[in-house]
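[1] Sequence first, predicted model second:
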Amino acid sequence: MNTALITGASRGLGRALAVGLAREGYALIIDARDAAALDAVADEIRQAGGTVTALAGSVTDPSHRDLLLRAADGRLDLLVNNAGTLGASPLPALADYPPDALREAFEVNVIAPIALTQLMLPLLRERGGAVLNITSDAAVEAYAGWGGYGAAKAALEQASNVLAAEELAIRVWWADPGDLRTDMHQLAFPGEDISDRPLPEAIVPAFLRLVTERLPSGRYRAAHLLPAAR
Ligand SMILES: NC(=O)c1ccc[n+]([C@@H]2O[C@H](COP(=O)([O-])OP(=O)(O)OC[C@H]3O[C@@H](n4cnc5c(N)ncnc54)[C@H](OP(=O)(O)O)[C@@H]3O)[C@@H](O)[C@H]2O)c1
């Protein structure tokens, strides 16, 4: 049985990816800070016949990352660095961006996924595994107000790019999921009706293609991987 570690799996895209990968037969390790929400997802996956270890904690906490490594028990095929933060909200212009909020955005969106990847690399190399880093179009487009989040996601993209050049025994994918109807998206557009955005479940097949077809390392956009776009 293949094993996948998905960060930030208590809701939104991470939850949808966890359910999708469990259906594909992956044994899962999942995390998020809110233990109750995380356990509810784990229960749902178990009731559907899946295997899951749920560990509540923050990806920014080195001792929590060590627990995730121990839970893998020497075996990991896929690391999905999905947990993320929008940073300061409402989204401020860079001219007004509080440095502490900027630091937090980089801590969660860049430092933590790189540190977790460093921990898991020996296991991934051994099994010819893969890293999937969830990024954003804000990493490459200049949207006013998105400077903190976008700069952090751009850093994650370039780290992924270099990792792919260095780690030839594994796959490294960095992927923009597109706009999704999630808590984070609502936070970015407070008070706006976001019901026209797709639910995260709609793009899970795109990410499953990366995994099942073992596509080459590189940057992907979920919309281009969906069966309808082929
Ligand atoms: N939604 C979009 O339109 C969109 C577009 C482009 C990219 N993305 C990216 O897609 C990913 C998922 O976003 P989403 O929209 O699903 O967000 P979301 O609904 O806010 O879910 C974020 C998940 O990450 C967890 N999380 C946040 N900080 C964490 C931390 N420090 N440690 C561990 N878990 C943490 C949250 O749980 P807790 O709060 O309980 O920790 C939650 O499970 C993010 O990387 C985001 O940047 C989203």
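    Here it is on my side, so go on. Numbers count the residues shown, from 1 in each chain.
[2] what's the spacing between stretch 88-107 and its chain's center?
    Relative to the chain's own centre, stretch 88-107 is displaced by 20 Å; criterion: Cα atoms, centre = their mean, to the nearest Å.
[3] Buried residues, the lengthiest helix in the chain. List them.
    When the chain is parsed with DSSP state H, its longest helix is helix 147-166. Neighbour-count burial for helix 147-166 flags 147-157, 159-160, 163-164 (criterion: 16 or more other Cβ atoms under 10 Å). All C-beta atoms are positioned from the backbone trio N, CA, C, and that covers glycine.
[4] helices or strands next to it in the packing?
    helix 99-106, helix 112-126, strand 130-134, strand 171-176, strand 218-221 (3 or more Cβ pairs under 8 Å, 6 or more residues apart in numbering; DSSP states H and E).
[5] per-residue confidence for the most centrally placed residue in the chain?
    For the chain, the residue nearest the mean C-alpha position is Asn82 (1.2 Å; Cα atoms, centre = their mean). The score at Asn82 is 98. That number is its pLDDT.
[6] Wait, it touches Ala4, no?
    No - at 10.8 Å, Asn82 does not count as touching Ala4 under the criterion of Cβ atoms under 8 Å.
[7] which SS state does Gly49 fall under?
    Per DSSP: H, G, I helix; E, B strand; the rest coil, the local secondary structure of Gly49 is coil.
[8] Can you get me a residue count around it?
    Using other Cβ atoms under 10 Å, Gly49 has 9 neighbouring residues.
[9] how close does it sit to Asp34?
    From Gly49 across to Asp34, the span is 25 Å (Cβ to Cβ, to the nearest Å).
[10] quick one: contacts for Asp66?
    Leu119 (Cβ atoms under 8 Å, 6 or more residues apart in numbering).
[11] ok but it is inside a helix, no?
    Yes - under three-state DSSP, Asp66 falls within a helix.
[12] can you tell me how far it sits from the ligand?
    According to Cβ to the nearest ligand atom, to the nearest Å, Asp66 stands 14 Å off from the ligand.
[13] same thing with Ala144?
    If you go by Cβ to the nearest ligand atom, the gap between Ala144 and the ligand works out to 17 Å.
[14] doesn't Leu94 make contact with that residue?
    No - contact criterion Cβ under 8 Å: Ala144 and Leu94 do not qualify, at 9.2 Å.
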